[in-house]
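> let me see the structure of the following:
(one chain, ligands or ions: 2)
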Amino acid sequence: MTQSPKIKRSLSGIKSTGFPHLGNYLGMIQPAIDLQDDYEAFYFVADLHALTSVRDPKLMLESTHIITSYFLAFGLDVERAAFFRQSDIVDVPTLAWMLSCVTHMGMLERAHSYKAARDEGREKSINHGVFGYPVLMASDILIYDADVVPVGSDQIQHIEMTRDMAVRFNQAFGGEFLKLPEARVRENVATVPGIDGRKMSKSYGNEIQPLLPPKKLRKRIMSIETDSKTMEDPKDPDTCTVFALYSLFADAAELEAMRQNYLGGGYGYGHAKQALFEQMDAHFSPYREEFERLMAAPDHLEAVLARGAERVAPVVSDVMSRVRAATGLPTRR
Ligand code: ADP
Ligand code: TRP
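Ligands and ions are numbered 1, 2, ... in the order given. Coordinates of the predicted model:
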């Protein structure tokens, strides 16, 4: 890749655990794609991270293709950006090990994902992959000398831990070997709500998948939970999930019109849901066909992934030479 060294690098990953949902799309996928215009973009399917929970090899492969097709359908330009599989970069677990040797257990015990599992009493069944998740993620980021990391707000803690690990490594070995990255969170979509009003998340089963066929999309939108106000009652737009989701697609005038409808009464949640469906359908329908076309061409997707891995290889080799020399492990070049 012939990029000027002055161009900063944007790096992010998403697990191969099935179809992305609206939170993934608005919080991470689209912001990441938009950064390709101003940054050198490196994005990957986090299949090693997915292994903490996925036990079905077919699902692993299919999800990898789904995520790759999403990025391509929504406009990632692989002439400029690299898109690849995490597991193709075989040095990632090596750097993760190096980082784990400067990372305190205490910090990992504070990670939200681990804490949540422990608080739910699942401590005995948490695998080591879940406990070490932030270390693997730090390796993912630091191995590419990343400048910015586009993510949803739930990943901020992991990026802070990444910075912490980079500082500890640099201090332990006495030099600026690893670059400190910054999280890049798009404000209005930092936490997209799901159909039950909680954060949209696969683990809550409250997702809306953006590329669902229209009938299914409409059905899903109609199942968004609302309060029990009748059609005639005035309603509060600011506590309503339908309104919150509508605000992510509508323009200012449309949003103001819906706000007035809520406040005025005589406007039911069914009307609001229909309006949300129409906005989302109009937004996503142009991408559905392209997504299906890409999914039907697995060889093409594999070629894109292989090319992506090749493109990032020189950066990885550079960083690994630095950290290997720093630690006294033999360098391979
Ligand atoms: P999930 O919580 O459904 O398992 P992931 O952890 O795989 O989602 O998230 C992948 C990316 O999407 C991350 O960058 C994450 O911050 C972002 N993301 C996930 N859920 C949301 C949401 N509800 N709102 C905004 N961003 C989100
Ligand atoms: N942990 C992220 C998630 O659950 C996925 C991920 C893995 C990631 N490695 C990364 C995100 C590196 C950004 C950078 O969504």
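
> how about stretch 81-100 as PDB, C-alpha atoms only?
In PDB, the C-alpha atoms belonging to stretch 81-100 read as follows (Å, rounded to 0.1, in the frame of the first residue of the first chain):
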ATOM      1  CA  ALA A  81      -8.800   0.000   2.800                       C
ATOM      2  CA  ALA A  82      -7.600  -3.400   4.000                       C
ATOM      3  CA  PHE A  83     -10.300  -5.900   5.200                       C
ATOM      4  CA  PHE A  84      -9.100  -9.200   6.700                       C
ATOM      5  CA  ARG A  85      -9.500 -12.000   9.200                       C
ATOM      6  CA  GLN A  86      -7.900 -11.500  12.700                       C
ATOM      7  CA  SER A  87      -6.700 -15.100  12.700                       C
ATOM      8  CA  ASP A  88      -4.800 -14.600   9.500                       C
ATOM      9  CA  ILE A  89      -2.400 -12.400  11.300                       C
ATOM     10  CA  VAL A  90      -0.500 -15.100  13.100                       C
ATOM     11  CA  ASP A  91       1.600 -12.700  15.200                       C
ATOM     12  CA  VAL A  92      -1.500 -11.300  17.100                       C
ATOM     13  CA  PRO A  93      -1.500 -14.100  19.800                       C
ATOM     14  CA  THR A  94       2.300 -13.600  20.200                       C
ATOM     15  CA  LEU A  95       2.000  -9.900  20.900                       C
ATOM     16  CA  ALA A  96      -1.000 -10.700  23.100                       C
ATOM     17  CA  TRP A  97       1.200 -13.000  25.200                       C
ATOM     18  CA  MET A  98       3.900 -10.300  25.500                       C
ATOM     19  CA  LEU A  99       1.200  -7.900  26.700                       C
ATOM     20  CA  SER A 100      -0.300 -10.300  29.100                       C
END
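
> going forward, begin numbering at 743 instead of 1
Renumbered: residue one is now 743, and that last one reads stretch 823-842.

> what about it, average pLDDT?
In this model, stretch 823-842 has an average pLDDT of 98.

> may I see the buried residues of it?
By neighbour count on 16 or more other C-beta atoms under 10 Å, the buried set for stretch 823-842 is 823-831, 833-834, 836-838, 840-842. Yep, even glycine has a C-beta here, placed from its N, CA and C like the rest.

> same thing with stretch 758-775?
So for stretch 758-775, counting by 16+ other C-beta under 10 Å, buried means 758-775.

> now, which of the residues you listed lie close to ligand 1?
Restricting the buried residues of stretch 758-775 to those touching ligand 1 (C-beta under 6 Å from any ligand atom) yields 763, 765, 766, 769, 770.

> and the fourth one, what does it touch?
Neighbouring residues of residue 769 by C-beta atoms under 8 Å, 6 or more residues apart in numbering: 893, 894, 895, 927, 928, 931, 932, 933, 934.

> which of those are buried, as a PyMOL select command?
Only the buried entries of the contacts of residue 769 go into this PyMOL selection, using 16+ other C-beta under 10 Å:
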select buried, resi 893+894+927+928+931+932+933+934
